[in-house]
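Asks: Build me a structure from this.
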Amino acid sequence: MAILVKESWAGLQEIDYFNTSTLLDLQAQPPRGLITHAAWRTKDGMAMCDVWESEADYQAFVKNQLTGALGALSIVAKPKTEILQLVNVFRPVTPADCEAYDQTTHAFATS
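Replies: Coordinates of the predicted model:
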């Protein structure tokens, strides 16, 4: 089942977050199993919240991608991490998500 990962990174600066994201190219190449990601500034650093398909996918990302990127950027901050088992995850589908939706006429194409 899906998990929610909450991370608090005391001492991590916003520029560190964006440099790490850029190095990992997460927008173009999201890691396997990542469903959604959000990040925000806190009074002492940064915080993130992710939804992953499984804890194994999250751990693989940390081991195979994130740890190396943090090392390459000399980032020494370590997160306080909480992992929660989710009972439900859904992403609402909007008309814009459908190939059959015509943005001009705002109608679904008919076959």
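Asks: From now on I want contacts and neighbour counts done on CA atoms only, so please keep to that.
Replies: Will do.
Asks: Give me the below-cutoff pLDDT ranges for the protein.
Replies: Across the chain, the ranges flagged by pLDDT under 70 are 95-103, 106-111.
Asks: Need the nearest residue in space to the residue most central in space within it, chain neighbours excluded.
Replies: By C-alpha atoms, centre = their mean, the chain has its centre lying nearest to residue 37, at 2.8 Å. Nearest residue to residue 37 in three dimensions, chain neighbours excluded: residue 50, at 4.4 Å (C-alpha to C-alpha, 6 or more residues apart in numbering).
Asks: and the helix or strand hosting the one you found, which strands flank it?
Replies: Using DSSP states H and E, residue 50 sits within strand 45-52. Counting by DSSP bridges, the strands paired with strand 45-52 are strand 3-10 (antiparallel), strand 34-42 (antiparallel).
Asks: Spit out the contact partners of the residue nearest to residue 37.
Replies: 4-6, 34-38 (C-alpha atoms under 8 Å, 6 or more residues apart in numbering).
Asks: how close does it get to residue 92?
Replies: 17 Å (C-alpha to C-alpha, to the nearest Å).
Asks: Can you give the contact residues for the lengthiest helix in the chain?
Replies: For the chain, the helix that runs over the most residues, judged by DSSP state H, is helix 14-24. Counting by C-alpha under 8 Å, 6+ apart, helix 14-24 makes contact with 41, 45-46, 65-66, 69-70, 73, 75, all of which sit outside it.
Asks: on that earlier part again, go through the strands paired with strand 45-52 and pick out the most buried.
Replies: Most buried of the strands paired with strand 45-52, by mean neighbour count (mean count of other C-alpha atoms under 10 Å): strand 3-10, with a mean of 20.
Asks: Excluding chain neighbours, what is closest to residue 61?
Replies: Closest to residue 61 by C-alpha to C-alpha, 6+ apart is residue 31, at 6.6 Å.
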